[in-house]
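> I would like the atomic coordinates for the input below:
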Amino acid sequence: MCPKLSRRQALASSIRQAGFGMPVAIFILVIMALLAAAIVQTSSRNNLSAAQEILSTRAFYAAESGASWGMSQLLFNAGGSASKAFSDTRCTGTVNAQTLNFSAPGLVGCSAALVCTIETVGTIGYYQVTSAGVCGAGQVQARRVIQVGGKNGL
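Have a look, this model is predicted:
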């Protein structure tokens, strides 16, 4: 059995324990605040990462659309297939240094910068279209580059 404490001993014991709860409460609050800050920071990074992933996909499709447009300008005439002379003129004039700004849903705010180069071997022209798709601005921006090639002539 426990010996019964006198009133004076009980009072002295409770006075010694009086300040113990406050430091524990402050410690728990500080730990919880640090955990909350870490969760907020992780959530913010995840949101930025998701936005970057979406912009990256959009930039890829903008570059792909630009490359497709460039090759169609080179290799197809209103009446069908284009001649080598037509393709040469289009490469140096219409396609080279062209910037396409998209307004279609999904690509709004994206652009594709095109560069066209020609290499002629005999009567055959080899064309390379480089398309750099860019979406977003500032810190949240993505850029993707696609190169496609084609040939024309006999």
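
> quick one: buried residues of stretch 126-146?
The neighbour-count check on stretch 126-146 (16 or more other Cβ atoms under 10 Å) flags 127-136, 142-146 as buried. The C-beta positions use only the backbone N, C-alpha and C, and glycine is treated the same way.

> what's the single longest helix in this protein?
Determined from DSSP state H, the single longest helix within the chain is helix 21-75.

> which SSE is immediately downstream of that one?
On the C-terminal side of helix 21-75, the closest following helix or strand by DSSP states H and E is strand 76-77.

> neighbouring strands for that next one, and are they parallel or not?
Strand 76-77 pairs in its sheet with strand 80-81 (antiparallel), by DSSP bridges.

> give me the mean pLDDT for the helix or strand following the partner strand.
Sequence-wise, the next helix or strand downstream of strand 80-81 (DSSP H and E) is helix 84-90. Averaging pLDDT along helix 84-90 yields 89.

> repeat that for stretch 112-122.
What stretch 112-122 shows for mean pLDDT is 94.

> contacts for that stretch?
Stretch 112-122 has contacts (Cβ atoms under 8 Å, 6 or more residues apart in numbering) with 62-63, 65-67, 69-70, 74, 88, 90-92, 95-100, 102, 125-134, 153.
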